[in-house]
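> quick one, fold the following:
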Amino acid sequence: MNIHHLTVGVLQTNCFLLIDPASQEAWLIDPGGDPSAILSLLQSQQARLTRIINTHAHFDHILAIPDVQEQTGALFYLHRDDLPLLDYAPQAVEAWLGWTWGPPPQVDEYLKHGDTLSLGNTCLEVRHVPGHSPGSVIFVDHDGHRAWVGDAVFKEGIGRTDLPGGNHAQLLQAIRQHILTLPDDYVLYPGHGPFTTVGHERRHNPFLNPDLWVG
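Below is the predicted model:
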């Protein structure tokens, strides 16, 4: 699988294009803005986008979906528990950015914990990791030793939990259960900022390592 990374939108969201080299079928993770850049990348790679799979529905991860869908017809996948956030997205865009945006995209299929999504020879395991949002999920590629973790965990940080639907204790529990149980060498692709590894976060993330707590 070929992986392309774009930093998109005003909040600098990490967006990923996954392409199966045998078929040129492509999937998109978290297209949070700059649809023209995403579409240009698709064209340059001569790839055929079939799915948009989102880690969650905060507006900075979904803004480009309508324009990309209009040009490609790709189906939109999301966890059902994030539907309220999806519906609220136009109001969030107005409040945060002062833009008029909407209506939000319609979900074509719902992601569930334990699902396996297959793109060519690559299988992504869906894990429900709530806390940053009720329906946050991660996508784990066990063969590639990597995971797309959205805003659940960042390099030496975790996702904010003060937004509607956030829950700090739930997020910490979900990270420990579904991310820190992965081997140390797994690369983590967060929704914002630099990439990291499970081992680095286990040792250096002050939210997850009690040895770093002060008090």
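> can you count the residues close to the closest residue to Gly150 other than its chain neighbours?
Excluding the flanking residues, the one nearest Gly150 by C-beta to C-beta, 6 or more residues apart in numbering is Thr55, at 2.7 Å. C-beta coordinates here come from the backbone N, C-alpha and C atoms, glycine included. Counted with other C-beta atoms under 10 Å, the neighbours of Thr55 add up to 30.
> tell me the contacts of Thr55?
The contact partners of Thr55, by C-beta atoms under 8 Å, 6 or more residues apart in numbering, come to 29-30, 61, 136-139, 148-152, 191.
> quick one: mean pLDDT over the biggest helix by length in the chain.
In the chain, with assignment by DSSP state H, the single longest helix is helix 83-97. In this model, helix 83-97 has a mean pLDDT of 94.
> mind exporting the one helix or strand in the chain whose mean pLDDT sits lowest as CSV, just the C-alpha atoms?
Across the helices and strands of the chain, mean confidence by mean pLDDT, DSSP states H and E is lowest for helix 83-97: a mean of 94. What follows is helix 83-97, C-alpha atoms only, in CSV (Å, rounded to 0.1, in the frame of the first residue of the first chain):
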residue,chain,number,x,y,z
LEU,A,83,-23.6,11.6,14.2
PRO,A,84,-24.5,14.4,16.7
LEU,A,85,-21.1,16.0,16.0
LEU,A,86,-21.6,15.6,12.3
ASP,A,87,-25.0,17.3,12.5
TYR,A,88,-23.6,20.1,14.6
ALA,A,89,-20.6,20.7,12.3
PRO,A,90,-22.1,23.7,10.4
GLN,A,91,-22.7,25.6,13.7
ALA,A,92,-19.2,24.7,14.8
VAL,A,93,-17.7,26.0,11.6
GLU,A,94,-19.7,29.3,12.0
ALA,A,95,-18.6,29.6,15.7
TRP,A,96,-14.9,28.8,15.2
LEU,A,97,-14.2,30.1,11.7
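> how far off centre is it?
From the chain centre to the centre of helix 83-97 is a distance of 17 Å (C-alpha atoms, centre = their mean, to the nearest Å).
> which helices and strands sit right next to whatever helix or strand comes next after it?
Going down the chain from helix 83-97, the next helix or strand is strand 109-111, by DSSP states H and E. Applying 3 or more C-beta pairs under 8 Å, 6 or more residues apart in numbering; DSSP states H and E, one finds that strand 109-111 contacts strand 75-79.
> counting contacts, what elements does the strand it packs on pack onto?
Using 3+ C-beta pairs under 8 Å, 6+ apart, the elements in contact with strand 75-79 are strand 48-53, strand 109-111.
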